[in-house]
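Chemist: One predicted model, sequence on top.
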Amino acid sequence: MGLGQKLWESKSKSNPGFIKDIKMEGITSVYSWMAQMKGVGKAKNVDCNLKVTGMSMTPPKGIGKSKDQGVLMTTTGDMAIVKGIDLMKMGPKPMEVGLCSFMTMPEKLGWLNETIAVVVFEALDVMWNEVNISIYEWTF
(Lines give C-alpha, C1' and ligand atoms only; values in the text may rest on other atoms or scores of the structure.)
Protein backbone atom coordinates (compact mmCIF):
# COMPACT_ATOMS: atom_id res chain seq x y z
CA MET A 1 0.00 0.00 0.00
CA GLY A 2 1.26 3.47 -0.76
CA LEU A 3 1.20 6.56 -2.85
CA GLY A 4 0.75 6.00 -6.53
CA GLN A 5 1.48 8.50 -9.22
CA LYS A 6 0.80 12.21 -8.81
CA LEU A 7 -2.47 13.25 -10.48
CA TRP A 8 -2.61 17.03 -9.95
CA GLU A 9 -0.50 19.82 -8.53
CA SER A 10 -1.08 23.49 -7.78
CA LYS A 11 -0.06 26.52 -5.79
CA SER A 12 -3.10 28.21 -4.31
CA LYS A 13 -4.15 31.11 -2.13
CA SER A 14 -6.80 30.52 0.49
CA ASN A 15 -9.96 32.56 0.95
CA PRO A 16 -10.79 34.04 4.34
CA GLY A 17 -12.79 31.64 6.48
CA PHE A 18 -14.81 32.30 9.58
CA ILE A 19 -14.99 30.92 13.08
CA LYS A 20 -18.17 28.98 13.69
CA ASP A 21 -17.63 28.02 17.33
CA ILE A 22 -15.06 28.12 20.14
CA LYS A 23 -15.09 25.51 22.90
CA MET A 24 -12.56 23.98 25.27
CA GLU A 25 -11.89 21.26 22.66
CA GLY A 26 -10.84 23.83 20.08
CA ILE A 27 -11.96 26.15 17.31
CA THR A 28 -14.44 25.11 14.63
CA SER A 29 -13.92 27.04 11.40
CA VAL A 30 -15.59 27.09 8.01
CA TYR A 31 -13.32 27.72 5.03
CA SER A 32 -13.20 27.59 1.26
CA TRP A 33 -10.46 27.57 -1.32
CA MET A 34 -10.07 27.32 -5.04
CA ALA A 35 -7.10 26.12 -7.05
CA GLN A 36 -6.21 25.77 -10.71
CA MET A 37 -4.87 22.23 -10.84
CA LYS A 38 -2.42 21.00 -13.47
CA GLY A 39 -2.97 17.37 -14.44
CA VAL A 40 0.04 15.04 -14.47
CA GLY A 41 0.49 11.26 -14.76
CA LYS A 42 -2.85 9.52 -15.26
CA ALA A 43 -4.57 12.94 -15.14
CA LYS A 44 -2.29 14.48 -17.79
CA ASN A 45 -4.29 16.94 -19.92
CA VAL A 46 -7.06 16.96 -17.28
CA ASP A 47 -6.35 20.48 -16.06
CA CYS A 48 -9.13 21.75 -13.82
CA ASN A 49 -10.39 24.20 -11.26
CA LEU A 50 -11.04 22.69 -7.85
CA LYS A 51 -13.39 24.59 -5.55
CA VAL A 52 -13.74 23.27 -1.98
CA THR A 53 -15.68 24.21 1.15
CA GLY A 54 -15.02 22.55 4.48
CA MET A 55 -15.27 22.63 8.23
CA SER A 56 -12.27 22.13 10.52
CA MET A 57 -11.75 21.54 14.23
CA THR A 58 -8.42 22.83 15.50
CA PRO A 59 -7.57 21.93 19.11
CA PRO A 60 -5.33 24.18 21.25
CA LYS A 61 -2.59 21.51 20.91
CA GLY A 62 -2.25 18.47 18.73
CA ILE A 63 -3.75 17.38 15.43
CA GLY A 64 -6.64 19.21 13.76
CA LYS A 65 -9.19 17.56 11.50
CA SER A 66 -11.48 18.69 8.73
CA LYS A 67 -14.18 17.42 6.43
CA ASP A 68 -14.67 18.97 3.02
CA GLN A 69 -16.55 18.73 -0.24
CA GLY A 70 -16.06 20.35 -3.58
CA VAL A 71 -16.39 20.44 -7.32
CA LEU A 72 -13.66 19.64 -9.83
CA MET A 73 -14.39 21.32 -13.17
CA THR A 74 -12.13 20.50 -16.10
CA THR A 75 -11.16 23.09 -18.69
CA THR A 76 -13.31 21.13 -21.18
CA GLY A 77 -16.42 21.49 -19.00
CA ASP A 78 -16.55 18.04 -17.38
CA MET A 79 -17.33 17.88 -13.68
CA ALA A 80 -16.67 15.62 -10.69
CA ILE A 81 -17.82 15.87 -7.07
CA VAL A 82 -15.05 15.56 -4.45
CA LYS A 83 -15.49 14.57 -0.78
CA GLY A 84 -12.67 14.30 1.70
CA ILE A 85 -11.38 14.14 5.24
CA ASP A 86 -8.09 15.69 6.39
CA LEU A 87 -5.72 15.79 9.35
CA MET A 88 -3.54 18.85 9.94
CA LYS A 89 -0.48 19.69 11.97
CA MET A 90 -0.12 23.29 13.04
CA GLY A 91 3.09 25.08 13.96
CA PRO A 92 5.82 26.95 12.11
CA LYS A 93 5.55 24.60 9.09
CA PRO A 94 1.86 23.67 8.95
CA MET A 95 0.87 20.66 6.86
CA GLU A 96 -2.32 18.80 6.07
CA VAL A 97 -2.96 15.43 4.50
CA GLY A 98 -6.28 13.96 3.47
CA LEU A 99 -8.12 11.24 1.63
CA CYS A 100 -10.74 12.04 -0.96
CA SER A 101 -13.09 10.23 -3.29
CA PHE A 102 -14.78 11.33 -6.49
CA MET A 103 -18.12 10.90 -8.19
CA THR A 104 -18.55 11.76 -11.86
CA MET A 105 -20.71 10.93 -14.88
CA PRO A 106 -18.51 11.77 -17.92
CA GLU A 107 -17.00 8.59 -19.36
CA LYS A 108 -13.55 10.11 -19.85
CA LEU A 109 -13.39 10.84 -16.10
CA GLY A 110 -14.93 7.49 -15.13
CA TRP A 111 -11.62 6.25 -13.67
CA LEU A 112 -12.11 8.80 -10.86
CA ASN A 113 -15.11 6.83 -9.55
CA GLU A 114 -12.68 4.02 -8.63
CA THR A 115 -9.97 6.33 -7.26
CA ILE A 116 -9.07 7.17 -3.69
CA ALA A 117 -6.70 10.13 -3.65
CA VAL A 118 -4.23 11.37 -1.07
CA VAL A 119 -4.13 15.17 -0.94
CA VAL A 120 -1.08 16.87 0.56
CA PHE A 121 -1.22 20.55 1.55
CA GLU A 122 2.01 22.36 2.42
CA ALA A 123 1.32 25.80 3.84
CA LEU A 124 3.91 28.36 2.78
CA ASP A 125 3.12 30.52 5.80
CA VAL A 126 1.75 29.98 9.28
CA MET A 127 -1.63 31.54 8.38
CA TRP A 128 -2.25 29.20 5.40
CA ASN A 129 -2.48 32.18 3.01
CA GLU A 130 -0.52 30.36 0.30
CA VAL A 131 -0.47 26.58 -0.12
CA ASN A 132 1.19 23.99 -2.36
CA ILE A 133 -1.28 21.22 -3.18
CA SER A 134 -0.40 17.78 -4.55
CA ILE A 135 -2.96 15.04 -5.24
CA TYR A 136 -1.77 11.44 -5.57
CA GLU A 137 -3.57 8.24 -6.45
CA TRP A 138 -3.65 5.90 -3.45
CA THR A 139 -2.68 2.42 -4.52
CA PHE A 140 -3.29 -0.77 -2.60
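Modeler: All right, it came through fine. Numbers count the residues shown, from 1 in each chain.
Chemist: and the residue lying closest to Pro59 once chain neighbours are set aside, how far is that from Thr58?
Modeler: Spatial nearest neighbour of Pro59, chain neighbours left out: Gly26 (3.8 Å); criterion: C-beta to C-beta, 6 or more residues apart in numbering. From N, CA and C alone the C-beta is placed, and that goes for glycine too. When distance is defined by C-beta to C-beta, to the nearest Å, Gly26 is 5 Å away from Thr58.
Chemist: which neighbours do those two share?
Modeler: Counting by C-beta atoms under 8 Å, 6 or more residues apart in numbering, the common neighbours of Gly26 and Thr58 are Gly64.
Chemist: ok so, going back, ok, now which ones touch the residue nearest to Pro59?
Modeler: Met57, Thr58, Pro59, Pro60, Gly64.
Chemist: Swap in 10 Å and give it another go.
Modeler: By C-beta atoms under 10 Å, 6 or more residues apart in numbering, the contact list for Gly26 reads Ser56, Met57, Thr58, Pro59, Pro60, Lys61, Gly62, Gly64, Lys65.
Chemist: And Leu3, by the same measure?
Modeler: Taking C-beta under 10 Å, 6+ apart, we find Leu3 in contact with Ala117, Val118, Val120, Ser134, Tyr136, Glu137, Trp138, Thr139.
Chemist: Could you identify the buried members of those?
Modeler: Buried members of these, scored by 16 or more other C-beta atoms under 10 Å, are Ala117, Val118, Val120, Ser134, Tyr136, Glu137.
Chemist: Let's verify the last one: helix, strand, or coil?
Modeler: Spelled out, it's Glu137. strand (DSSP: H, G, I helix; E, B strand; the rest coil).
Chemist: So the closest residue to it other than its chain neighbours versus Phe140, what's the distance?
Modeler: Spatial nearest neighbour of Glu137, excluding adjacent residues (C-beta to C-beta, 6+ apart): Gly4 at 3.6 Å. From Gly4 over to Phe140 the distance is 9 Å, taken as C-beta to C-beta.
Chemist: between the two, what contacts are shared?
Modeler: With C-beta under 10 Å, 6+ apart, Gly4 and Phe140 have common neighbours Ile116.
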